[in-house]
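Visitor: Next input, structure requested:
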Amino acid sequence: MQPWRFFALVFFCFSQSAHAISSIHISVGAIDAPAGQLKNAQFQVDLKGADPTLTLKAEVKPTNEPDFIPFELNCGSFKNDKIGIIDCLNGNLTSKPVKAPFSVHFVSYPNDFSADIFFNGASFSDEAGLHAGEKLVGIMTLAAKKTKETWAWSGALNWTQGEVFWQPFYFGKAGNTFQFNGTFKAPNLNIENASLLVNEVGKVSANAQINTKTKALEDVKVSAQDVDFAGLYSIFLKPMVEKSAFGNLEVSGKANWQFEIKNLQPVNFELNLQDANIEDNNGKFGLYHVNAHIPWDYDEPKNISLGYSDGHVLRMGLTETTLQAEVNRYSVTAPTLSLPVLDGALNFEDVSAAWINQQWYWHLRMDLKPITMNEFSKSLGWPEMKGKIDGHVPLITYANKQLNMDGAMTFNMFNGSVSMSNLRIDDPLGTVPRLYANLDMRDIDLGDLTRTFNFGAIEGKLEGTVRDMELENWKPVRMDARIQTMDGKHLKKISQRAVENITALGGEGTAAALQRTFLRFFKEFNYEKIGMSCRLREDICEMGGVESTPTGFIIVKGKGIPAVTVNGYTKYVSLGDLLGRMKRITDSNTKAIVK
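Guide: Numbers count the residues shown, from 1 in each chain. Got it, this is the predicted structure:
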């Protein structure tokens, strides 16, 4: 039996017998409909009071659900003054997932029907916790008319109070309106015009075709013009990228976007941003006054562009620029891209990215145009440096959420070089990226380095290694690091101020042994070698020097007259404490006691 025939039979019996009998009771074994199945229906109308009441108990199984769900529907006041016109007032629908106080005005004829449904304080949920609503207030209207084998239908939903969670989206503020109309001719349900007005976002329009037999959403077109970017991000975009680097943003501006799907395949997409601001609340990046045109088409290559007035990446300032590339189906390419950073630039070459098997794969090469070390160090919160940094990055590839570098990345600084090898970053766009690498320093001019850090003068050459370095969310958690002066015939001098600062760097228990007789006459001293090491595990450094002693280690080993030696006695120190000492020294806030 079709559902509308069942209710028509009930309404007919009621209208014909309302004054002859005190109650009507009807049982129906099963009803099949495109939306699902109904069974064990018990329908009763009580005519004894001033206002008739109605009770319906049954089990329902929506098409996409595996099991039947018991429910009960009650009408506190049931009116049927004319055939086909029903008013259910002070109604209540209860089942395991739903509790919905409501009132309905229902009009039904053989080839058309309409319904006005008022709900007040409705709630619903499912066992998986993927869909839920609380304290919902609003009105839903539905109407349909059949011509031959086609139903033309329309409806609207005006939701004025309450909150809804529909995985992955959360609508915490009411004031949303959904209007829709279309046709139905089995098995195709056509949504010819749907309009969703979302509070704090704007208006989204759509049309679609749904195959009710296969339950496939076949043809879809969605567009939104001049919507609020902040609302669009918080409600629709953030839930889909929450576990990535883009999951905790503060955004503003306006956006236009649209996409189209045909035969279950995307065919085009376009996103435009106007004067948008994007700020990562974790402080990793920010872009300001962004204007972007990002089109995509399955059949035709498109040119995309993105520009901004300023911004930052890891607190390094970005200046005004425009980036352009070509997107060809599921790949993006750009022969060159220039990204101004501070007073230099990152120049990318051979940029190529592709979306394959639901994952991104890309590669690029990069040159670093010289950046002033002073600006670079200040932006990262490091001690202020001088000079410039430049370098070359060989081929970098990304696949399976992992970034790898072929060869060594080399930077030139302090008349020497720093190179990085075996670089790997796991999930670089995730919330907790992990970096693995080795570092090598060669021929670093200690004179330039110590003058840069206001450390006190040390003349000589420095070398160092960092092995098995591991950073979690860009913070060191593991490494075996060693720096020491190089052997050779170059000048090896250290000033009294540098000795004082090395003593402070060594922390409590570190002492500098000088030949007191000559202290008042000399401001610098000879040394044989200088060095420190740190074996970091989590936050604890196991410290070492150029040599071990029964009670500790030697940081500075003196040579000649006057001789100076700095001994360290605290073998274990937290990394935070060590970095704090370095900052206090370079800020000239520490005055060590020289013994």
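
Visitor: Can you tell me the SS state at the residue most central in space within the chain?
Guide: By CA atoms, centre = their mean, the chain has its centre lying nearest to residue 247, at 2.2 Å. Classification of residue 247 using DSSP: H, G, I helix; E, B strand; the rest coil returns coil.

Visitor: Could you pull up phi and psi at the spatially closest residue to residue 422 that is not a sequence neighbour?
Guide: Setting aside the residues directly before and after it, residue 422 is nearest to residue 438 in space (CB to CB, 6 or more residues apart in numbering), at 5.0 Å. For glycine as for every other residue, the C-beta is placed from the backbone atoms N, C-alpha and C. Phi and psi for residue 438, reported as degrees, to the nearest 10, are phi -120, psi 150.

Visitor: ok, what's across the strand from residue 438?
Guide: residue 421 (DSSP bridges).

Visitor: Just to check, it is in contact with residue 464?
Guide: No. With contact defined as CB atoms under 8 Å, residue 438 does not count as touching residue 464 (11.4 Å).

Visitor: hmm, back to that, the residue nearest to the centre of the chain and residue 238, how far apart?
Guide: 6 Å (CB to CB, to the nearest Å).

Visitor: Just the endpoints, please. Distance across stretch 466-484?
Guide: 12 Å (CA to CA, to the nearest Å).

Visitor: Could you tell me how many residues sit around residue 43?
Guide: 21 (other CB atoms under 10 Å).

Visitor: Check which helix or strand the nearest residue to residue 111 once chain neighbours are set aside maps to.
Guide: Nearest residue to residue 111, sequence neighbours excluded (CB to CB, 6+ apart): residue 146, at 4.3 Å. Per DSSP states H and E: residue 146 is located in strand 131-147.

Visitor: which SSE is the residue nearest to residue 412 when sequence neighbours are not counted in?
Guide: Nearest residue to residue 412, sequence neighbours excluded (CB to CB, 6+ apart): residue 390, at 5.6 Å. Residue 390 belongs to strand 388-399 when assigned by DSSP H and E.

Visitor: Low-confidence regions, the chain specifically.
Guide: For the chain, residues meeting the criterion pLDDT under 70 lie at 1-20, 33-35, 63-64, 215, 381-387, 453-454, 506-522, 586-595.

Visitor: Might one say that residue 434 is in contact with residue 425?
Guide: Yes. Judged on CB under 8 Å, residue 434 makes contact with residue 425 at a distance of 7.0 Å.

Visitor: Tell me which residues of stretch 70-78 come out buried.
Guide: Neighbour-count burial for stretch 70-78 flags 71, 73-75, 77-78 (criterion: 16 or more other CB atoms under 10 Å).

Visitor: With stretch 532-552 instead?
Guide: By neighbour count on 16+ other CB under 10 Å, the buried set for stretch 532-552 is 532-536, 541, 543-546, 552.

Visitor: residues making contact with that stretch?
Guide: Identification of contacts with stretch 532-552 by CB atoms under 8 Å, 6 or more residues apart in numbering yields 476-484, 505-506, 509, 529-531, 553-557, 567-576, 578.

Visitor: Stretch 250-262 now?
Guide: Contact with stretch 250-262 is made by 217-230, 232-233, 266-281, 290, as judged by CB under 8 Å, 6+ apart.

Visitor: repeat that with 6 Å
Guide: For stretch 250-262, contacts defined as CB atoms under 6 Å, 6 or more residues apart in numbering pick out 219-227, 229-230, 232-233, 267-279, 281.

Visitor: Strands of the stretch 351-500 of the chain, residue ranges please.
Guide: 359-372, 388-399, 402-405, 409-413, 416-426, 434-445, 458-459, 461-472, 475-485, 493-495 (DSSP state E, counting those that start in this stretch).

Visitor: Looking at the ones you listed, which one is packed in the most?
Guide: Of all the strands of the stretch 351-500 of the chain, strand 458-459 has the most neighbours on average by mean count of other CB atoms under 10 Å, namely a mean of 22.

Visitor: Quick one: residues in contact with that one.
Guide: By CB under 6 Å, 6+ apart, strand 458-459 touches 446-447, 450, 491, 493-494, 498.

Visitor: These in helices, which ones?
Guide: 446-447, 450, 498 (DSSP state H).

Visitor: which one among those gets closest to residue 316?
Guide: The nearest member of the ones in helices among the contacts of strand 458-459 to residue 316, counting by CB to CB, is residue 450 at 24.6 Å.

Visitor: So for that closest one, what's the nearest residue that isn't a sequence neighbour?
Guide: Spatially, and ignoring its direct neighbours in sequence, residue 450 is nearest to residue 458 (4.7 Å; CB to CB, 6+ apart).

Visitor: again, but for residue 172
Guide: residue 163 is the one closest to residue 172 (CB to CB, 6+ apart), at 5.1 Å.

Visitor: Count the neighbours of the one you found for me.
Guide: What residue 163 shows, counting by other CB under 10 Å, is a neighbour count of 15.

Visitor: isn't it right up against residue 132?
Guide: No. Counting by CB atoms under 6 Å, residue 163 does not reach residue 132; the two are 8.7 Å apart.

Visitor: ok, back up a step: I'd like to know which of the contacts of stretch 532-552 are buried.
Guide: By 16+ other CB under 10 Å, the contacts of stretch 532-552 give 476, 479-484, 505-506, 529-531, 553-557, 567-568, 573, 575, 578 as buried.

Visitor: List phi and psi for the residue nearest to the centre of the chain.
Guide: The phi/psi pair for residue 247 (degrees, to the nearest 10) is phi -90, psi 0.

Visitor: That one and residue 479, how far apart?
Guide: 29 Å.

Visitor: what do you get for residue 231?
Guide: To residue 479, residue 231 is 44 Å away according to CB to CB.

Visitor: before we move on, what about residue 200?
Guide: 47 Å.

Visitor: so the residue nearest to residue 111 bridges to which residues?
Guide: Residues in beta-bridge contact with residue 146 (DSSP bridges): residue 151.

Visitor: Which one, of the strands of the stretch 351-500 of the chain, ends up nearest to residue 65?
Guide: For residue 65, the closest of those is strand 359-372, at 32.6 Å, according to CB to CB.

Visitor: which residues are contacting that closest one?
Guide: Residues outside strand 359-372 that contact it (CB under 6 Å, 6+ apart): 342-354, 388-393, 395-399.

Visitor: Restricting to C-alpha, output that strand in CSV.
Guide: In CSV, the C-alpha atoms belonging to strand 359-372 read as follows (Å, rounded to 0.1, in the frame of the first residue of the first chain):
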residue,chain,number,x,y,z
GLN,A,359,47.2,12.3,-2.1
TRP,A,360,49.5,15.2,-3.1
TYR,A,361,52.8,14.6,-4.8
TRP,A,362,55.1,17.6,-5.7
HIS,A,363,58.7,18.7,-6.2
LEU,A,364,60.7,21.9,-6.5
ARG,A,365,64.1,23.5,-6.4
MET,A,366,65.0,26.7,-4.5
ASP,A,367,67.6,29.5,-4.3
LEU,A,368,67.7,31.9,-1.4
LYS,A,369,68.5,35.4,-2.4
PRO,A,370,70.6,37.0,0.4
ILE,A,371,68.7,37.9,3.5
THR,A,372,70.1,40.2,6.2
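
Visitor: Give the pairing partners of that strand; include direction for each.
Guide: Applying DSSP bridges, strand 359-372 is found paired with strand 344-356 (antiparallel), strand 388-399 (antiparallel).

Visitor: Tell me what angle it forms with strand 409-413.
Guide: For strand 359-372 against strand 409-413, the angle by axes from the mean of the first three to the mean of the last three CA atoms, to 10 degrees is 10 degrees.

Visitor: from the chain's centre, how far out does strand 359-372 sit?
Guide: 22 Å (CA atoms, centre = their mean, to the nearest Å).

Visitor: Likewise for stretch 53-71?
Guide: Chain-centre distance of stretch 53-71: 39 Å, with CA atoms, centre = their mean.

Visitor: Residues touching that stretch, excluding its own?
Guide: 36-46, 72-75, 78, 95-96.

Visitor: Narrow the residues you listed to those in strands?
Guide: Among the contacts of stretch 53-71, DSSP state E puts 36-46, 72-75, 78, 95 in strands.
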